[in-house]
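[1] take a look and give me a structure for this.
(2 chains)
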Amino acid sequence: MKIAVLSGKGGTGKTLVSVNLAAVGKASIYIDCDVEEPNGHLFFKPTNVKIEDVTVKVPVVDDALCTGCLKCVDFCGFNALAYAGGKLKIFNDVCHSCGGCMLVCPENALTEKDRAIGSIQNGDSGNVYVYSGFLNPGEPSGTPIIDRLIHENNRKMVSMTFIDCPPGSDCTVIDSIKDADYCILVAEPTLFGAHNLKMVWELVELFDKPYGVVLNKCQGGDNPSEAFCIEKGIDILGRIDYDKELGELNSNGEIVARVSEKYKAIFSTLLENVIKEARHGTTVNIKR
Amino acid sequence: MKIAVPVDENNIETGVCISFGRAPYFLVYDTETKGAEFIENTAAQSPGGAGIKAAQMIVNSKAEVLLTPRCGQNAADVIKAGNIKMFKTADGSAIDNINAYVDGKLSELGEIHPGFHGH
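    Numbering: from 1, shown residues only, chains lettered A, B, ... in the order given. Below is the predicted model:
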């Protein structure tokens, strides 16, 4: 079963929830798809780490063969090519690696080469296989790394996979949840938090994913995110209190469920609820 | 000599467009024939790479000078490769700026912004 953990903004507790759920389960896979700033590995501190470069294909021109016919320039839907001053210019960071320019070139002046945009690092941490994606600074799109992370993962057979998504609701999040059986939306108890919850709620509704909400940093009093769940009839999977001890452990890079029985119990209960809801969601509630 | 300017409208009174890559039209003025041509900027609706495509249109127009309030890095790379000089527009209409350039009153565009590339 693949569980994606997402939220409309950073800092709501996606990594807290996904890391600790993976830690309290049996053999699990944890995938950090937040490739712009992956931090799950800071908690798991995996060993036997293997690093693989992730590359994309970009075109290379042979200036001696290029006649400046502009066929490739006109073809490119992303405007990654231009011909000026008698030379073809290629904008690698605009290129989406479709290979179309090579097909339309009548002179066979274009070939392709690999360009590294980041890496995947995987290793072991107790019961958890940890996969993390790292996008090189300055690179515009992490989706090729996320695609590799999601597919790479199909090699290992475990009962539970937790996907720690990037924040927000853009295409990197869509890529991260596309193979998920169930989505956990983590939300903060503020108006801003409720607004961000609504963004990811719209996304999981759009993709017909079964889902539930974890209310994090609960402090008593008004909780606009909880009110939103009640209004929309959304399942609340669990509540995590705003808790100084948990905050300190977490900010020191500890996996709270591994160092404290109290938090182990909280996340074990949450995991039971998630599995129960996910089974219910995937068998009964395929189409919402 | 041809002079290109990103403009808001396809009439001769038009103002200069604040964006280069996403300007609706380019005015290409020929100082020899005194003729003005409007080119529709097909790059304006591009999801990405608009500056590159717009710059390609300027190169294709055979303009030797581009008058613009600003220009992104990718577009500037193409413009420079095409040996087109860039000058910074001042207040006034597109024609005012073309006249100001001809009179030597515009200065070269020095600052190139890194672009406004979203996802």
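[2] quick check: the residue of chain B nearest chain A.
    Chain A sits closest to B:G49 of chain B, with a gap of 2.8 Å, by C-beta to the nearest C-beta. Bear in mind the C-beta positions are built from the backbone N, C-alpha and C, glycine included.
[3] surely that residue is in contact with A:N79?
    Yes - between B:G49 and A:N79 there is a contact under C-beta atoms under 8 Å: 2.8 Å.
[4] which one's more surrounded, the two?
    For B:G49 versus A:N79, neighbours defined as other C-beta atoms under 10 Å in any protein chain shown are more numerous around B:G49 (27 against 24).
[5] now do the contacts for that one.
    Neighbouring residues of B:G49 by C-beta atoms under 8 Å, 6 or more residues apart in numbering or on different chains: A:C76, A:F78, A:N79, A:A80, A:F91, A:V94, B:A43, B:N74.
[6] what helix or strand does the third one sit in?
    Using DSSP states H and E, A:N79 falls within no helix or strand.
[7] equivalent analysis for the last one, please.
    B:N74 is part of helix B:73-81 when elements are defined by DSSP H and E.
[8] so does that helix get close to chain A?
    Yes - Helix B:73-81 lies within reach of chain A by C-beta under 8 Å from any C-beta of the partner chain, at B:N74, B:D77, B:V78, B:I79, B:A81.
[9] now do the buried residues in that helix.
    For helix B:73-81, burial by neighbour count (16 or more other C-beta atoms under 10 Å in any protein chain shown) applies to B:N74, B:A75, B:A76, B:D77, B:V78, B:I79, B:K80, B:A81.
[10] so what's B:A4 bridging to?
    In this structure, B:A4 bridges to B:V28, B:L66 when assessed by DSSP bridges.
[11] just checking, it touches B:L66?
    Yes - using C-beta under 8 Å, B:A4 is in contact with B:L66, at 5.0 Å.
[12] what residues do those two have in common as contacts?
    Residues touching both B:A4 and B:L66 by C-beta under 8 Å, 6+ apart: B:I58, B:I84.
[13] just put the buried residues of helix B:73-81 in a markdown table and tack on pLDDT.
    Shown next, in a markdown table, are the buried residues of helix B:73-81 (pLDDT from 0 to 100):
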| residue | pLDDT |
| --- | --- |
| B:N74 | 95 |
| B:A75 | 96 |
| B:A76 | 96 |
| B:D77 | 96 |
| B:V78 | 97 |
| B:I79 | 97 |
| B:K80 | 96 |
| B:A81 | 96 |
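[14] is it possible to get a markdown table of these that adds distance to B:C17?
    What follows is the buried residues of helix B:73-81, written out as a markdown table (distance: C-beta to C-beta, whole Å):
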| residue | distance to B:C17 |
| --- | --- |
| B:N74 | 18 |
| B:A75 | 13 |
| B:A76 | 17 |
| B:D77 | 20 |
| B:V78 | 18 |
| B:I79 | 16 |
| B:K80 | 21 |
| B:A81 | 23 |
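[15] which strands and helices lie in contact with the helix of greatest length in chain B?
    In chain B, taking DSSP state H as the definition, the longest helix is helix B:50-60. In terms of contacts (3 or more C-beta pairs under 8 Å, 6 or more residues apart in numbering or on different chains; DSSP states H and E), helix B:50-60 is packed against strand A:81-84, strand B:25-30, helix B:73-81.
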